[in-house]
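S.K.: dropping a prediction and its sequence here:
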Amino acid sequence: MPSVRFDRFLASTALVALLSAAAGGAFAGPANQPSLKLAQSAANAAIMPEPRRSSDSAATATDQTDQTDAITPPATMTPDEPGPSSGEAPATANTPSGPADDSAAPATVATPSSTEPAAAPTAPATATAPESPAQPAAAPTQTAISDADAAIAEKLHDLVNGKFDRVIGGKKERIAIEAFYAGRNHAPLWITDGQANERAVPAIAYLQQGDTDGLDSADYPTQDFANMSDPAALGAAELRLSASVIAYAHHAAIGRVHWTRVSGDISYEQKAPEPADVLTAIAAAKDVAAALDGYEPHEPGYLALKAKLAEIRAGKAAASKNPIPNGPLLKAGMQDERVPQLRTRLGLSDAGDTTYDKALADAVKNFQREHDIKPTGTLTTATVEALNGQQPERPTDIILANMERWRWMPHDLGKTYVIVNLPDFSLRVMHEGKQVWTTRIVDGKPTMPTPIMSAEMKYITVNPTWNVPPSIVAREYMPALQQDPTVLTRMGLTVSRNPDGTVHISQPPGDRNALGRLRFNFPNKFLVYQHDTPDKQLFVYEKRAFSHGCMRVQDPAKYAEVLLSLVRPGQGYTQERIRRMFGAGEQDIQFPNFIPVHLSYQTAFVDDAGNLEFRDDVYGRDKALIPILKNDGERKVADIPVERRESSVRREALAMPDSQWGGRSFFGGPADNGGGFFSRLFGAPPPQPVQRRGHQTAQAAQAARANRDYYGRDYYGR
């Protein structure tokens, strides 16, 4: 090997050592160590960060924290804790906030293990240095390079030290890839003896079939190493494949489109895998395809959609068929040309004739029961419309959008969890992969959508008190009090004064409380929760988007029993015991183990019978997401979060229950047939609409429009 190559080897080894030391902790040592200071300066020059860009930040605007505080080291740093991001300790440091400690931090920072870099002092700035000099981290074991790959390694060294930006665009990816290759003496990961190796072949094959996971394989370009012999071209292809693998892992793990680009009513905390971790994992994997597959969700709901997507693309799924034509009523024993298509749609095998037999009639009856149609087994016009209504014009687009939202969610939903499907207005309790209970819910109206997120349920409140949000007090109740100082008291609300002199309004526990007798609490930034309701008549609607954002549960006592049997087994929390707790005093039942609650938005899903189901896009989430997924220009920046301004007033409104006093609502909707707040305060309530199961009445539709006008135009400008 020429001497210049050996010099590069030494230089890269020294750089790796400095990078490793900087990552493990700040350099520290006596002031009379010029050689160490020189090393610090060299390290800082080598890894000086570029100006921060929005595309380099993993934090969203809704969850941003002070970046200066984020890199302040703790007062005492253990070897496993991360150190400052720069190679030199700051002149001053702040102690992280937290509970007060009885023991003050010593003036001298404790000396770490001799094999680890010393921790940077945090207070005071003149803290005494450790007695023994800090030792930089040892250089990683160098990867052996064959003679055939030496020229490629040299080109990789040149690329990462001069022309790297031409191959890899993102700053974070550049730094990670540079450090990764430096740590292996710039030995190629995907090339052995000048040819694609046993890692590259399955990686390329996997990336090329990314469409099966609802992604676009064009986003992960690969090259044919077999047609290359020039070391520079092979080096560039090596880096591009690494970049494609990193991009795929990012998209598979947290989504191709960042959720902030779809709506401000979405929030998830999943983080993309670190680029260096991805390459390290692939380098150590015995099965590269399995390692890449591990970044995708593996929840049954996601895998079922993936299978249906493959069927539709192959022309084998029912969703790819034409709508079922209207025709005469069909009863068992009758003949009709629509029977074969109907059998396929309902998942029955083709009997080879046109007889509407008992098996088909039973399948129709089950479908009718599930869709709130009178379960007669007769094929009616309403049944045909319901069957066709579940088949969108472009089912693949809907499935792709839903698979993307699955990637936003935690990939491990938990051993025990609650999952809500907002467009389906349903709630399920899952335990060890099996459904243990399900019920109907009412969720947010289109102008006040229930957010999409995950949180942890921590306790149940029995006999909850409803405290009116301050913004609602100021905007709605104070004008009412000015017109009639006794009106709220007559309505059963309690009016008092806060310590700062502002008015506090609440509704004490009771049968007429807007929250009912039970509230299910999973603290979150949107302030939403699940609760009981006195308005039981709303559960007869097929589409139940009536609330301000919180979810009303049809059978809350049973829900509480199911949850408590899982978190407090053997303690006898039956429905009867829970109902005996109903009274005037608020009580909390704490969960010793929290239960994840996932508020999902599944407009396409596979039901328990294996049928592909579609639901209306009630909040327009598909409408916003699908164009981003299909637009090449938008996709280039789609995984970068965007800032969304949040409104505390609107969040308080999400926590606002609609119903009061046995069905009379403050803000309109089917429960009271429309009207405004003041009309109900000072006038008689209108009669309740008669609701036919499975269909909205004209009065209910009119009320919903009035409610949208009130909140959408006059109040929130949406």
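M.R.: Received it, and whenever you're ready, just let me know what you need. Residues are numbered from 1 along each chain as shown.

S.K.: next structured bit after the strand or helix carrying A386?
M.R.: Assigned by DSSP states H and E, A386 falls within helix 381-389. Sequence-wise, the next helix or strand downstream of helix 381-389 (DSSP H and E) is helix 395-408.

S.K.: could you give the average pLDDT over that following helix?
M.R.: Taken as a whole, helix 395-408 has a mean pLDDT of 96.

S.K.: the helix holding A386: which residues count as buried?
M.R.: For helix 381-389, a neighbour-count test (16 or more other Cβ atoms under 10 Å) marks T383, V384, A386, L387 as buried. In short, each C-beta sits where N, CA and C put it, glycine included.

S.K.: counting neighbours, what do you get for K374?
M.R.: 14 (other Cβ atoms under 10 Å).

S.K.: P470 too?
M.R.: Residues near P470, counting by other Cβ under 10 Å: 16.

S.K.: what about it, distance to N524?
M.R.: 19 Å (Cβ to Cβ, to the nearest Å).

S.K.: return the distance of D357 relative to P340.
M.R.: 12 Å.

S.K.: could you do Q435 as well?
M.R.: Distance from Q435 to P340, by Cβ to Cβ: 32 Å.

S.K.: which of these two has more residues huddled nearby?
M.R.: The neighbour count for Q435 versus P340, taken as other Cβ under 10 Å, is higher for P340 (15 against 11).

S.K.: contacts only, for that one.
M.R.: The neighbours of P340, taking Cβ atoms under 8 Å, 6 or more residues apart in numbering as the test, are D350, T354.

S.K.: hmm, try it at 6 Å
M.R.: D350 (Cβ atoms under 6 Å, 6 or more residues apart in numbering).

S.K.: how about K623?
M.R.: So K623 contacts D617 (Cβ under 6 Å, 6+ apart).

S.K.: could you say which helix or strand contains it?
M.R.: With DSSP H and E as the test, K623 turns up in helix 621-630.

S.K.: my guess is W408 meets A253, correct?
M.R.: No - W408 is beyond contact range of A253, at 10.1 Å (criterion: Cβ atoms under 6 Å).

S.K.: which one's more surrounded, the two?
M.R.: Neighbour comparison, W408 and A253: the larger count goes to W408, with 22 against 18 (by other Cβ under 10 Å).

S.K.: residue ranges with poor pLDDT in the stretch 351-500 of the chain?
M.R.: 351, 372, 389-393 (pLDDT under 70).

S.K.: would you map the strands across it?
M.R.: 416-421, 426-431, 434-444, 452-462, 466-467, 494-497 (DSSP state E, counting those that start in this stretch).

S.K.: biggest strand in this structure by residues?
M.R.: strand 587-600 (DSSP state E).

S.K.: what comes up buried for that strand?
M.R.: So, applying 16+ other Cβ under 10 Å, buried residues of strand 587-600: I589, F591, F594, I595, P596, V597, H598, L599, S600.

S.K.: and if you look at stretch 273-284?
M.R.: Neighbour count says stretch 273-284 has P273, E274, P275, A276, V278, L279, A281, I282 buried, by 16+ other Cβ under 10 Å.

S.K.: return that stretch as PDB; C-alpha atoms alone will do.
M.R.: What follows is stretch 273-284, C-alpha atoms only, in PDB (Å, rounded to 0.1, in the frame of the first residue of the first chain):
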ATOM      1  CA  PRO A 273     -34.200   5.000  13.500                       C
ATOM      2  CA  GLU A 274     -30.800   6.600  13.600                       C
ATOM      3  CA  PRO A 275     -29.000   6.200  10.200                       C
ATOM      4  CA  ALA A 276     -25.900   4.900  11.900                       C
ATOM      5  CA  ASP A 277     -27.900   2.300  13.800                       C
ATOM      6  CA  VAL A 278     -29.600   1.200  10.500                       C
ATOM      7  CA  LEU A 279     -26.300   0.500   8.800                       C
ATOM      8  CA  THR A 280     -24.800  -1.100  11.800                       C
ATOM      9  CA  ALA A 281     -27.800  -3.400  12.200                       C
ATOM     10  CA  ILE A 282     -27.600  -4.400   8.500                       C
ATOM     11  CA  ALA A 283     -23.900  -5.000   8.700                       C
ATOM     12  CA  ALA A 284     -24.500  -7.400  11.600                       C
END
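
S.K.: got the contact list for it?
M.R.: E173, A176, F180, L189, I246, A249, A253, V288, A291.

S.K.: could you redo the last one with a cut-off of 7 Å?
M.R.: 172-173, 176-177, 179-180, 189, 199, 242, 245-246, 249-250, 253, 288, 291, 295 (Cβ atoms under 7 Å, 6 or more residues apart in numbering).

S.K.: those in helices, which ones?
M.R.: Among the contacts of stretch 273-284, the members found in helices (DSSP state H) are 172-173, 176-177, 179-180, 242, 245-246, 249-250, 253, 288, 291.

S.K.: which one of those residues is nearest G510?
M.R.: A253 (47.5 Å; Cβ to Cβ).

S.K.: tell me which residues touch the closest residue to that closest one other than its chain neighbours, please.
M.R.: Spatial nearest neighbour of A253, chain neighbours left out: Y295 (4.7 Å); criterion: Cβ to Cβ, 6 or more residues apart in numbering. Each residue near Y295 by Cβ under 7 Å, 6+ apart is listed here: A249, A252, A253, P273.

S.K.: tell me how far the third one lies from I204.
M.R.: So that's A253. In terms of Cβ to Cβ, A253 sits 20 Å off from I204.

S.K.: could you do T416 as well?
M.R.: Taking Cβ to Cβ, one finds T416 at 40 Å from I204.

S.K.: which one of those two has more residues nearby?
M.R.: Counted by other Cβ under 10 Å, T416 and I204 do not tie: I204 has more neighbours, with 20 against 17.

S.K.: wait, that one touches T222, no?
M.R.: Yes - contact criterion Cβ atoms under 7 Å: I204 and T222 qualify, at 4.5 Å.

S.K.: narrow the contacts of stretch 273-284 to just the buried residues.
M.R.: Buried, going by 16+ other Cβ under 10 Å: 172-173, 176-177, 179-180, 189, 199, 242, 245-246, 249-250, 253, 288, 291, 295, out of these.

S.K.: any regions of the chain where pLDDT drops low?
M.R.: 1-144, 161-170, 316-322, 351, 372, 389-393, 646-718.

S.K.: tell me the domain ranges of it?
M.R.: 1-97+105-140, 147-296, 322-389, 411-622+637-667, 668-718 (automatic domain parsing).

S.K.: okay, how far is it across the second one, tip to tip?
M.R.: Read it as domain 147-296. 38 Å (Cα to Cα, to the nearest Å).

S.K.: burial measure for the residue nearest to T396 when sequence neighbours are not counted, as a count.
M.R.: Spatial nearest neighbour of T396, chain neighbours left out: I312 (5.7 Å); criterion: Cβ to Cβ, 6+ apart. Residues lying near I312 (other Cβ under 10 Å) number 17.

S.K.: tell me what the helix or strand I312 falls within is packed against?
M.R.: Element membership of I312 [criterion: DSSP H and E] is helix 300-313. Helix 300-313 sits against helix 395-408, strand 604-606, with contacts defined as 3 or more Cβ pairs under 7 Å, 6 or more residues apart in numbering; DSSP states H and E.

S.K.: what comes into contact with the last one?
M.R.: If I follow you right, that is strand 604-606. G301, A304, L305, K308, I398, I399, N402, N421, L612, E613, F614.

S.K.: residues in contact with the second one?
M.R.: Put plainly, it is A304. V606.

S.K.: so who does L481 touch?
M.R.: L481 neighbours (Cβ under 7 Å, 6+ apart): V487, L488.

S.K.: that older thread, now, which of the buried residues of stretch 273-284 sits nearest N185?
M.R.: For these, the nearest to N185 is L279 (14.7 Å; Cβ to Cβ).
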